[in-house]
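Trainee: Sequence first, predicted coordinates after that:
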Amino acid sequence: MITPITVNIFYAGLAGLICLMFMILSYWLFDWITPFDTAKQIHNQNQAVGTIIAGIFIGLGIAMGLVIGLSLN
């Protein structure tokens, strides 16, 4: 017998995995669009690139948090 708590935990885990997938995809897309190597710029402590990447991740995290919150009973 599947309880609502089990279903909610499954949905939250699935949403977390989808959020990670979107974060990886957004990093790849940002790296593809820009003319410089994002990983190299972060390694060289370029704060502007790090701030942009952090903003992308925070924005996606907030959006996915809303999706997770609204999907739970």
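Mentor: Arrived safely, thanks for sending. Quick caveat, the model's predicted, so the values are computed rather than measured.
Trainee: What strand or helix carries the closest residue to residue 41 other than its chain neighbours?
Mentor: Once flanking residues are discounted, residue 41 sits nearest to residue 49: 4.3 Å by Cβ to Cβ, 6 or more residues apart in numbering. (Each C-beta comes from the backbone N, C-alpha and C, glycine too.) Per DSSP states H and E: residue 49 is located in helix 47-71.
Trainee: do residue 39 as well
Mentor: helix 38-43.
Trainee: helices or strands up against that helix?
Mentor: Here helix 38-43 touches helix 4-33, helix 47-71, going by 3 or more Cβ pairs under 8 Å, 6 or more residues apart in numbering; DSSP states H and E.
Trainee: got these as a markdown table, with mean pLDDT columns?
Mentor: Below are these laid out as a markdown table (pLDDT from 0 to 100):
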| stretch | mean pLDDT |
| --- | --- |
| helix 4-33 | 88 |
| helix 47-71 | 87 |
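Trainee: can I get these in JSON lines with mean neighbour count?
Mentor: Below are the helices and strands packed on helix 38-43 laid out as JSON lines (neighbours: other Cβ atoms under 10 Å):
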{"stretch": "helix 4-33", "mean neighbour count": "13"}
{"stretch": "helix 47-71", "mean neighbour count": "13"}
